[in-house]
Each structure stands twice: as C-alpha cells, then as structure tokens.
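[1] Turn this into a model:
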Amino acid sequence: MSTRYKNTPRLINSSIYYEPLREPRDVKKIVQYATPRLLNPTQRQRAQLQATQHVWAYGDRLYNLANQFYGDPTYWWAIAWYNGYPTEAHIWTGAIIYIPLDLEKLLGVLNT
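    All right, here's what the predicted structure looks like:
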C-alpha cells in the first residue's frame, strides 16, 4: 500500500447492494478508501506560504498551472484546495487565485 493511503480508513463493500459491481469481476468484496476531509489552510498557515497571484482567464486550467509551477499536472488539486474551489467550474473569469510557490510546504500543511 502506498503511503498516500496509510492513514485513510478502508471501507469494505460486501453487501448485496454492490453485487452487480462484484459479479463481473468475480470478487466477494470491494475495498475502497474513505474520502478524506480536507480543511482549507488557516490564515496563520497561509502567512507561512509564499504565493503568487494569477488572474483567472477564459481557458485556464488548474492542471496547466500545476504543471507550470510544480512541473506536475497531477497537483492541480493543491491549487484548488488552497483557494477553496472544488472545481474549475467554480472559478469565474477575472477571479484572483493564489498559487503557493513551495509545494512541499503546502503539502506539509495537510499533515498539521
């Protein structure tokens, strides 16, 4: 198991409700991980992170910004989380979003 899910509760779906999902796979149970509840960074935590501003424009994508600033598009969720936006659809054109520059520090906030 990867360290990403080390402390995440596991849910075992063995009820009859999930039978249509298990039958084609020929398994008796499906193990899933609980959805983590992420709290947005506090003002104190934000003050410890250096961030740059970005004015959201038509056609912007969080994964492109993550790739530009972190070299990895899979960290799109970190920018969304930091700004309190669940998806790109919640960001309107002209909105100012903040992109933390130190990804390691940002991810450290998740563990506090």
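
[2] OK, contacts around the residue nearest the centre of the chain?
    The residue lying closest to the centre of the chain (CA atoms, centre = their mean) is residue 77, at 3.6 Å. Contacts for residue 77 were tallied using CB atoms under 8 Å, 6 or more residues apart in numbering; they are residue 62. Quick note: C-beta positions are derived from backbone N, CA and C, even for glycine.

[3] what's the spacing between it and residue 46?
    17 Å (CB to CB, to the nearest Å).

[4] Next, give phi and psi for residue 43.
    Residue 43 has phi and psi values of phi -60, psi -40 when expressed as degrees, to the nearest 10.

[5] tell me the SS of the residue lying closest to residue 51 once chain neighbours are set aside?
    Leaving aside its sequence neighbours, residue 51 sits nearest to residue 98 (CB to CB, 6 or more residues apart in numbering; 4.2 Å). Secondary structure assignment for residue 98 (DSSP: H, G, I helix; E, B strand; the rest coil): strand.

[6] who's residue 98 bridged to?
    residue 53 (DSSP bridges).

[7] Near it, how many residues? Count them for me, please.
    Each residue near residue 98 was counted by other CB atoms under 10 Å, and the total is 15.

[8] wait, what's in contact with it?
    With CB under 8 Å, 6+ apart, residue 98 has these contacts: 51-54, 82-83.

[9] Next, the angle strand 96-100 makes with the stretch of helix or strand residue 77 belongs to.
    Residue 77 belongs to helix 76-83 when assigned by DSSP states H and E. Helix 76-83 and strand 96-100 are oriented at 120 degrees to each other (axes from the mean of the first three to the mean of the last three CA atoms, to 10 degrees).
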